[in-house]
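Visitor: quick one: sequence plus predicted model below, questions after.
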Amino acid sequence: MFTGIIEDIGTVKDLKKENGNLVLTVKSGLAHKLKLNESLAHNGICLSVQPVSKKTYRVTAVRETLNRTTLGNIKKGGKINLERALKANGRIDGHFVLGHIDSRLKCLSVNELSGSHLFTFACRAGDRKYIVEKGSIAINGVSLTIAGISSKGFSVAVIPYTFRHSVFRYLKRGDEVNAEYDVLGKYIIRAMGKKNDANN
């Protein structure tokens, strides 16, 4: 489990395809702290680590992950948001993020507003029930608050610090991102659906 607070921006040093999977070698300041099979979120995707050196490590993304996320689009030299798993005694500064991507969303616009940046994303009709104004969402692993909702999708405001210390600074119109909707909201919607089914 994660909280959506990015610890480092990793750089993809090498990509290798193996039996339909993708093996990534990533350079990061976190590499020397990682242990074998430790969970590490990559743009919001939970992957198990294989340490290589004090500066690099490897992760393997299986075909299902490549199909459901943007990881298959990453190129050598690409940047990735990184976050280690939450410790039991750690502070929850963002919100509960599982590292399981729900949707790939397209960025519709990026607007600078007095230092902050407003990002607007398209949203599938079937996902709109998970979008709540002032509710939480993880975009590329970053815990954010939904600032507004429109007929086309929704927007989030990214503060200057988060913009500088995440891959949001590289994001542009037309790019795809990984989205994980608030797990508490998903459970509530699922429970309400079962309750309604039982009453019918």
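Guide: Looks like it came in fine.

Visitor: for the rest of this, base every contact and every neighbour count on C-alpha atoms.
Guide: OK.

Visitor: how far does the helix or strand hosting Ser48 sit from the chain's center?
Guide: Using DSSP states H and E, Ser48 sits within strand 45-51. Relative to the mean C-alpha coordinate of its chain, strand 45-51 is positioned 14 Å out (Cα atoms, centre = their mean, to the nearest Å).

Visitor: could you check how far Thr65 is from Val110?
Guide: 27 Å (Cα to Cα, to the nearest Å).

Visitor: show the average pLDDT along stretch 179-199.
Guide: When pLDDT is averaged along stretch 179-199, the result is 76.

Visitor: just to revisit the earlier point, so what strands line up beside the strand holding Ser48?
Guide: strand 39-42 (antiparallel), strand 56-61 (antiparallel) (DSSP bridges).

Visitor: return the most buried member of those.
Guide: When the strands paired with strand 45-51 are scored by mean count of other Cα atoms under 10 Å, the highest mean neighbour count falls to strand 39-42 (a mean of 23).

Visitor: for it, which outside residues touch it?
Guide: 2, 46-49, 80-85, 99, 140-141 (Cα atoms under 8 Å, 6 or more residues apart in numbering).

Visitor: repeat that for 6 Å
Guide: Residues outside strand 39-42 that contact it (Cα atoms under 6 Å, 6 or more residues apart in numbering) are 46-48, 80-85.

Visitor: check the offset of that strand from the chain's centre.
Guide: Computed by Cα atoms, centre = their mean, the separation of strand 39-42 from the middle of its chain amounts to 10 Å.

Visitor: try stretch 159-178
Guide: 11 Å.

Visitor: what comes into contact with it?
Guide: 69, 81, 104-109, 116, 139-140.

Visitor: beta-bridge partners for Val110, please?
Guide: The partner residues for Val110, given DSSP bridges, come to Phe119.

Visitor: do Ile137 as well
Guide: Going by DSSP bridges, Ile137 forms beta bridges with Leu144, Tyr181.

Visitor: wait, is Lys129 part of a helix?
Guide: Yes. Under DSSP: H, G, I helix; E, B strand; the rest coil, Lys129 sits within a helix.

Visitor: what number of residues lie near it?
Guide: 12 (other Cα atoms under 10 Å).
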